[in-house]
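> Kindly return the folded structure for what I paste below:
(chains A, B and C)
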Amino acid sequence: MPRLTTELLLEMYQAMLDFLGPSGWWPAQSPFEMAVGAILTQNTNWQNVEKAIANLRDHDLLEPRRLDAVAPEELERLIQPSGFYRQKARNLQAFLDFLREADAYDLAVLAGWETGILRNRLLAVRGIGPETADSILLYALGRPVFVVDAYTARICQRHGLLPEDAGYDELQALFAGRLPENAALYNEYHALLVRVGKGWCRKKAPECHSCPLREFSPSRA
DNA sequence: GACCAGGCACATC
DNA sequence: GATGTGCATGGT
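Presented below is the predicted three-dimensional model:
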């Protein structure tokens, strides 16, 4: 197993960035829209999420107070294309409950919260687990929190960067413990990992020969 | 028609 | 604490 250093992680980052260019994540017009997208994209293709977001936008509902006033059946209908729509309607409502109770319909209010406290509060919301909480913290709120997902795990496993049984927290610590605490870096790093995962490090038929990370293999290190 | 997608909650052992 | 299962749509 290669020794995992800050230098190696930054080399991987640069290799992906050189090859793919900046990602421009997260595609959204407001922090609230990003948070909604983070909930809707759980185990779901982003294309389907875009349809649900477009429905909400068409009804001028990408705003906490108005979305909070929508009937559950109507919310289910609008987000139906994103799949798991009954679950996700409940989850969105739970998130809106949190915002209302925190007096944070204006998400800028959350700027006054310490990151660890806020993360725990998000994790207490039904439907928000580690990845969704961290996505909201990083992409919607600009906190330096490294987001881990299925692609991150797969890439790390394929490249022998960690034991196969590593969990979310270990995976996160692998990056966060070695990289400078920088939200912009974490943002782009995660986005690049997802793009590499989609493009090359697929479950079936991986395209390792042309992968931007092909030089970072266990055999080389 | 099977497989996959930027997870999570809940039940069970 | 680990493992299994339901949730649901749309693209490949």
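
> can you count the residues close to residue A:212?
Residue A:212 is flanked by 20 other residues according to other CB atoms under 10 Å. Using the backbone N, CA and C atoms, a C-beta is placed for each residue, glycine as well.

> same check, this time on the one 4 residues further on
Counted with other CB under 10 Å, the burial measure for residue A:216 works out to 21 neighbours.

> That one touches residue A:14, doesn't it?
No - between residue A:216 and residue A:14 no contact is recorded; they are 11.0 Å apart, counting by CB atoms under 8 Å.

> Not counting its neighbours along the chain, what's nearest the residue of chain A found nearest DNA strand B?
Residue of chain A nearest DNA strand B, by CB to the nearest atom of the strand: residue A:129 (2.3 Å). Once flanking residues are discounted, residue A:129 sits nearest to residue A:123: 7.1 Å by CB to CB, 6 or more residues apart in numbering.

> Residue A:134: which element?
Using DSSP states H and E, residue A:134 sits within helix A:130-135.

> so, in contact with DNA strand C or not, stretch A:127-139?
No - on the criterion CB under 7 Å from any atom of the strand, stretch A:127-139 is out of touch with DNA strand C, staying 9.5 Å away.

> Now that stretch - C-alpha only, CSV.
Provided in CSV are the C-alpha atoms of stretch A:127-139 (Å, rounded to 0.1, in the frame of the first residue of the first chain):
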residue,chain,number,x,y,z
GLY,A,127,-32.8,11.7,5.9
ILE,A,128,-29.6,13.6,6.4
GLY,A,129,-26.6,11.3,6.9
PRO,A,130,-22.9,12.0,6.8
GLU,A,131,-22.5,12.7,3.1
THR,A,132,-25.6,14.9,2.8
ALA,A,133,-24.6,16.8,5.9
ASP,A,134,-21.1,17.4,4.7
SER,A,135,-22.3,18.3,1.2
ILE,A,136,-24.6,21.0,2.7
LEU,A,137,-21.7,22.2,5.0
LEU,A,138,-19.2,22.4,2.1
TYR,A,139,-21.2,23.3,-1.0
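
> contacts for it?
A:25-26, A:28, A:34-35, A:38-39, A:42, A:87-88, A:90-92, A:94-95, A:115, A:118-119, A:122-123, A:143-149, A:168-169, A:172, A:183, A:186-187, A:190 (CB atoms under 8 Å, 6 or more residues apart in numbering).

> The spatially closest residue to residue A:5 that is not a sequence neighbour and DNA strand C: what is the separation?
Distances taken as CB to CB, 6+ apart put residue A:178 closest to residue A:5, at 6.9 Å, once the chain neighbours are dropped. Distance, residue A:178 to DNA strand C, by CB to the nearest atom of the strand, to the nearest Å: 23 Å.

> What of residue A:130?
14 Å.

> swap in residue A:197?
Residue A:197 is 15 Å from DNA strand C, by CB to the nearest atom of the strand.

> Could you do residue A:46 as well?
10 Å.

> And for that residue, the neighbour number?
14.

> How about residue A:78, nearest residue that isn't a chain neighbour?
Per CB to CB, 6+ apart, closest to residue A:78 is residue A:55, 4.4 Å.

> who touches that neighbour in this structure?
Counting by CB under 8 Å, 6+ apart, the residues that residue A:55 touches are A:78, A:79, A:81.
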